[in-house]
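Structure for this input, please:
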Amino acid sequence: MSVLMLLAAIAVLAIAAFFLARQRALASTQGNPRLLHSLPGYYGWYAAISVLIPALVALFLWLIAQPLVIEARISATLPADLVADDTKSELTMADIRRVADGLDAAVASGAISETEVQALATSTTDVRALLAESGVALAAEVSPEILTAAQDYRAQSHWGAAGRTALVLVLAVLGLFWGVTRAQPDFRARNQVERVILALLVAASSIAILTTIGIVWSMVSETFDFFSKYPFQDFFFSLTWSPNFRGGSDLGILPLIWGTLYITLISMLVAVPIGLFAAIYLAEYASKRTRAWVKPLIEVIAGIPTVVFGIFALVTVGPALRDWFAEPLGLGNSGSSVMTAGIVIGILNIPFISSLSDDIINAVPQSLRDGSLGLGATKSETVKQVILPAALPGIVGAVLMAASRAIGETMIVVMGAGAAAKLSLNPFEAMTTMTVKIVGQLTGDTDFAAPETLVAFALGMTLFVITLGLNIFALWIVRKYREQYE
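Numbers count the residues shown, from 1 in each chain. Okay, the predicted model is just below:
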């Protein structure tokens, strides 16, 4: 039974449990529902939960454990040259899974029978051509070892699927009987259901924490692996970025940090004044009619895909800066530059700063405005000395969000700033950022164990530390000015 059919069976059993338990609870009171501790629906929900939770948990754990167990058993039977290291083992298992899936597809399409599949190892059938007819393309001929392992993989997968179906259905049926038999007048069904709901809410709130822990752990572990193969002194203090998968790489991060911070600085110089002034105008000076159409027009920018901004930078902004500023001033002759990417990323971030700042300025109590104006302050003095200090935490959050997006932007940098890793103060020269190089190092058919690939995780960890520093700095500013205002 497939996973979808199994889920459908679980759902049917859960619905049946709901109605059976509800009916049993009502029947146990002999027509007087007031004798029940909880509403009849709670008894039904408890029975449905008794079916769903054990069955779904078992299904989830089985789906995770089955491939790991099967691959471990298959790897133990393979020749040593096919599993010589982690990279070769992963490639071998990928080929085995691909062949096994192809055999399944061939059997499903009727191109071959199960009996013929078992006899492939001793026959002269061209397995690659057979799988190609079923829509599975292989890069090389299927060796006898891979074919035998794929047949074993299929057999164990089928047995695993049968065991999974039996276990999940047994747990679901047992949960149904358990939930229905518990539907008695003195059973506190509401309390049990609310405990389950509370547990689900706690689990949902824990997903973000666990996700963060998983991301940090993956970066930290791979970063340590990288530094075990490449000197950290050269990584942090070298002024050259020159990766080479054939050896002799120079992976200095300083040019990438400089390009990232340079582009981010220019984007903030564009986005912060324009976005903040737009927010002040919309919140304090614009009429309701003007605000009704100006704010949506600004927010439209946030819905434009970044690749469109990249094309805008490549076709419009870059050539304009080159023709009007770079060439006349003798600063360069390329349309790809730090200034191009910084300006376009700044335009991209205007709605983030504007919308968030506008919302937080509108959240400042009207009594503060009235008090300032009543003391004789002008409109501009009220905005500068009362409203902005009160709204500072939200404004700092908006600026931080925009800075984080500027640091993590990739497509606009690729199309607008180029891919040259260099140290230069000239804003009209091509440079690049850490995110662009992360993509570059992980793209293509590369050795995942090589320092040139693992450096992507070290770059990601560095980005994480920079972003964390920005958050700490923002909290310091917020606390300082909040105390001064209070």
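
can you count the residues close to A58?
17 (other CB atoms under 10 Å). Bear in mind the C-beta positions are built from the backbone N, C-alpha and C, glycine included.

That one is in contact with L169, isn't it?
No. Counting by CB atoms under 8 Å, L169 is not a contact partner of A58; they are 10.0 Å apart.

low-confidence ranges in the stretch 251-400 of the chain?
Nowhere does the stretch 251-400 of the chain drop to pLDDT under 70.

can you give me the helices for it?
Using DSSP state H, counting those that start in this stretch, the helices of the stretch 251-400 of the chain run over 254-280, 288-299, 306-312, 318-321, 327-329, 338-362, 366-374, 379-382, 388-408.

ok, and which of these has the densest surroundings?
helix 338-362 (a mean of 25; mean count of other CB atoms under 10 Å).

Run the angle between it and helix 388-408 for me.
150 degrees (axes from the mean of the first three to the mean of the last three CA atoms, to 10 degrees).

Quick one: list the elements packing against helix 338-362.
helix 254-280, helix 288-299, helix 306-312, helix 318-321, helix 388-408, helix 411-416 (3 or more CB pairs under 8 Å, 6 or more residues apart in numbering; DSSP states H and E).

got the CA coordinates for the fourth one in CSV?
Put plainly, it is helix 318-321. Output of helix 318-321 as CSV, limited to C-alpha atoms (Å, rounded to 0.1, in the frame of the first residue of the first chain):
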residue,chain,number,x,y,z
GLY,A,318,24.5,49.7,-14.9
PRO,A,319,24.9,51.3,-18.4
ALA,A,320,23.5,54.6,-17.1
LEU,A,321,26.1,54.8,-14.3
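
what comes into contact with that helix?
334-337, 339-340, 343, 416, 428 (CB atoms under 8 Å, 6 or more residues apart in numbering).

Would you mind giving the domain segments of this protein?
For the chain, automatic domain parsing gives the domain ranges 3-187, 241-485.

measure the shortest one end to end?
In other words, domain 3-187. 34 Å (CA to CA, to the nearest Å).

and it, how far out from the chain's middle?
Put simply, domain 3-187 sits 26 Å off its chain's centre (CA atoms, centre = their mean, to the nearest Å).

Now do the helices in the stretch 1-150 of the chain.
3-28, 40-77, 86-109, 114-118, 127-133, 144-181.

Select, out of these, the one closest to L276.
Closest approach to L276 among the helices of the stretch 1-150 of the chain is made by helix 40-77 (47.1 Å; CB to CB).

by how many degrees do the closest one and helix 86-109 diverge?
With the same axes, to 10 degrees defining the directions, helix 40-77 sits at 110 degrees from helix 86-109.

Could you identify which of the domains of the chain is most buried?
domain 241-485 (a mean of 18).

picking up where we left off before, let me know which of the domains of the chain is the nearest to V202.
So among the domains of the chain, domain 3-187 is nearest, using CB to CB, at 14.3 Å.

Need the pLDDT of the residue nearest to F352 when sequence neighbours are not counted.
In space, F352 comes closest to A402 once its chain neighbours are excluded; the distance is 4.9 Å by CB to CB, 6 or more residues apart in numbering. A402 is assigned 86 on the pLDDT scale.

From G330, how far out is A402?
Plainly put, A402 is 32 Å away from G330 if you go by CB to CB, to the nearest Å.

Now do the contacts for the residue nearest to F352.
267-268, 271-272, 275, 349, 352-353.

Format the helices of the stretch 251-400 of the chain as a markdown table; extra columns: distance to N244.
Listed next are those as a markdown table, based on distance: least, CB to CB, whole Å:
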| stretch | distance to N244 |
| --- | --- |
| helix 254-280 | 16 |
| helix 288-299 | 45 |
| helix 306-312 | 28 |
| helix 318-321 | 29 |
| helix 327-329 | 34 |
| helix 338-362 | 25 |
| helix 366-374 | 61 |
| helix 379-382 | 58 |
| helix 388-408 | 27 |
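
hang on, the earlier thing: nearest to T290, of the helices of the stretch 1-150 of the chain?
Relative to T290, the nearest member of these by CB to CB is helix 40-77, separated by 51.1 Å.

so the closest one versus helix 3-28, what angle?
Using the same axes, to 10 degrees: helix 40-77 against helix 3-28 is 150 degrees.

just to revisit the earlier point, okay, the domains of the chain in a markdown table with distance to S205 next?
Converted to a markdown table, these look like this (distance: least, CB to CB, whole Å):
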| stretch | distance to S205 |
| --- | --- |
| domain 3-187 | 18 |
| domain 241-485 | 20 |
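
Can you give me the end-to-end span of stretch 405-421?
20 Å.

Centre of the chain to that stretch, how far?
Using CA atoms, centre = their mean, the offset of stretch 405-421 from its chain centre is 19 Å.

Could you do stretch 183-191 as well?
42 Å.

State the mean pLDDT of that stretch.
Mean predicted confidence for stretch 183-191 is 87.

can you list contacts of it?
21-22, 24-25, 28-29, 35-39, 42-43, 45-47, 182.
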